[in-house]
Structures are given as C-alpha cells and as structure tokens.
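In: Give me the fold of what follows.
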Amino acid sequence: MEINENVKVACVGAGVIGYSFALGFALKVREVYLYDITEDVLKLAKERVHESMKLLIKNKVLDEEEAKNVEEKIHYTTSMEEAVKDAVFIQESGPEHYDVKHKIVEEMEKYAREDAIIASSTSGLLITEIAKFAKHKERFVGGHPYNPPHLIPLIEITKGEETTEENVKLAKEFYEFVGKEPVVLQKEALGFICNRLQMALYREVCALVMDGVCSVEDADKAVTFGPGLRWGIMGPSLIFQLGGGKVGVDGLMKHLESSISLWLEDMADFKKFPEEWASVARKGVEEELKNRKPEIGNDEKSLEEYRDNMLVELLKLHKKL
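Out: Okay, the predicted model is just below:
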C-alpha cells in the first residue's frame, strides 16, 4: 500500500466522529468518500463540515478558497461500493454494537481492496471481535480518536489477535501522513490509554469535591491553570524530567518519595463513582458557567466554540495546523 496525497480514503459512518475524520483526512489527501445509510445523515454531516471549516477560516488556518477546495474533496454517498472501492485506508465509525459492526465489515469487504487497512473508531469494543467474521482479519486495527478528530491529533491504535505487525505499521504511517499522533497499545487494555488517564484524574476530582476540599469550579481551575497548561505542551514524564533538573525524573521521584507515598495513601481508589456524583457535578458545572464571561464560553455553544478556538491556537504552536 502506497501512502501519498493522491490516495483515496473512505470514512464509513457520518456521525460526529465520522464527519470529523473525513474533514481531517481531506486536509491532507486528494479525495475522501464519506458513507452513511441515509441522505439525511449525510446532509447533516455536510453542514457540520461547513461549520467546522468556518472556524478554521476564522482562525486563519485556511483562506476561503483553500477551505472550498477541502470541502470539494469530500464525496458523500449512500453506496458502500462507491465509498470503499479502491480506498487504501478505511476509517469505520459505525454504532458501538458488535452485530452492527459485523454487518458493516461484511459489506466493506465485498468491495474493498484486499490490501486496504480498515480501522475502527471504537472506543471500547475488541478488534478481534469486530473482525470475527472478516475474510482478512489481519488488516483490521483499532483507530480510536479524541473528539473532534479533525483538530485533536491523537489516535490510539489497537490490535486484534490476528492483526499483523506490518498492518499496524502501515496504519501508523498513514495516520502520521495525515498529521495525526498515533500511539500503539502493545496489548489490549479496557479504555485504552487516555480514557484511563482522564478517569483516574476525574476520580480524584470527584473525591476532592465530595470530601469538601474544593468546588467543581476550583477543581477545573486547578487543572486548567496548573498542570493542564504543562500537559498541553508535553507529557507528565517529560514534565517531571524538567522538574528534576540535573537529577531528572528518577531523581525527582526519589526526592519526593516520602511525600508522594502520603498523597497516594490518602487518594481515592474507589471502583465506582458515587451515585450522587453526576448531579453534584452537573450543579457544579452550572454554577461554574455562571461565573464565566461570554468570550470564554458560558453556555454549551459558546463553550464549544471557545474550546475549538483554543485548540487551534495550541495546535499552531505544536506546528500541527
């Protein structure tokens, strides 16, 4: 499989994740086919693409002519054959049910090239099970994005029992070519890497709020204006490498070992969030939004716009846009 800007890419499933993948791919390759089963879903996807392009124009990532060219690269179709035929890479973003995905896999394989890589956006299903009835199990990988995929570069690549290392390598190379930052799980793990990391943090947020240590708003501020700023630049181990100075991350860990042990002993380790946490978190968020200015997002719509604008600026600094 040759990877270059002239290849055809297919996105199967045109929901929130699927349309965003198609847009992200269209920024880098010649043509992208976006498939779904109804014209209504495709119409909404096209509208979402256009709205997302307006944000990129506003942030001077693209001018209007460039944005028009990108939009014209995306072809919308209800024909699986038209979508996947001759595509070198297929990103499947269908519903999170094995039976549905099995039908999608069967339909894709009727028309796909035998050497096409098929990546599933699944956030929790096993690739081995998704490809259970596939003719070419070796070419299936997991390609789990972070939303919105056309902005956030991370892709978590997972393997099935019969996925070949060569196809994992090709998937990684493709994602890198289109500007993603792929990470490869060496073995299956529930929740992958990032969901586990963010839930570990959120569990501690829950514990601090429920124990009366701080409010939801102050926990959010603590992350945003403390470690979150550094994490937006580099990962925690690199941060600790700098924090350790000449002695590095290992020296820092040894130096703080006695204090860290006390913190860990006192931290939450529950396996299920308290039943009341959802309503406590919601009330805390509603109060937090009241205290935010409109220009930094104080309702769902403006908050999403603020997030995306900030993502664009950060990605520019990372030389990703």
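
In: tally of neighbours for the closest residue to K132 other than its chain neighbours?
Out: Nearest residue to K132 in three dimensions, chain neighbours excluded: H102, at 6.8 Å (Cβ to Cβ, 6 or more residues apart in numbering). For every residue, glycine as well, the C-beta is placed using N, CA and C. By other Cβ atoms under 10 Å, 16 other residues sit near H102.

In: which residues touch H102?
Out: Residues near H102 by Cβ atoms under 8 Å, 6 or more residues apart in numbering: I130, K132, F133.

In: repeat for A10
Out: V32, Y33, L34, Y35, A83, V84, A87, F89, I90, Q91.

In: Can you flag which of those belong to strands?
Out: Using DSSP state E, the subset of the contacts of A10 located in strands is V32, Y33, L34, Y35, F89, I90, Q91.

In: Output the residues you listed in JSON lines, with neighbour count and pLDDT appended to each entry.
Out: Shown next, in JSON lines, are the ones in strands among the contacts of A10 (neighbours: other Cβ atoms under 10 Å; pLDDT from 0 to 100):
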{"residue": "V32", "neighbour count": "27", "pLDDT": "98"}
{"residue": "Y33", "neighbour count": "24", "pLDDT": "98"}
{"residue": "L34", "neighbour count": "29", "pLDDT": "98"}
{"residue": "Y35", "neighbour count": "30", "pLDDT": "98"}
{"residue": "F89", "neighbour count": "27", "pLDDT": "98"}
{"residue": "I90", "neighbour count": "26", "pLDDT": "98"}
{"residue": "Q91", "neighbour count": "29", "pLDDT": "98"}
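
In: List just the nearest of these to I118.
Out: I90 (4.7 Å; Cβ to Cβ).

In: Can you tell me the element the residue nearest to L311 when sequence neighbours are not counted falls in?
Out: Among residues not flanking L311 along the chain, L151 sits closest, at 4.9 Å (Cβ to Cβ, 6+ apart). Assigned by DSSP states H and E, L151 belongs to no helix or strand.

In: so L151 touches M310, yeah?
Out: No: counting by Cβ atoms under 8 Å, L151 stays clear of M310, with 10.2 Å between them.

In: These two - which one has more neighbours?
Out: Set L151 next to M310 and count neighbours by other Cβ under 10 Å: L151 wins out with 22 against 13.
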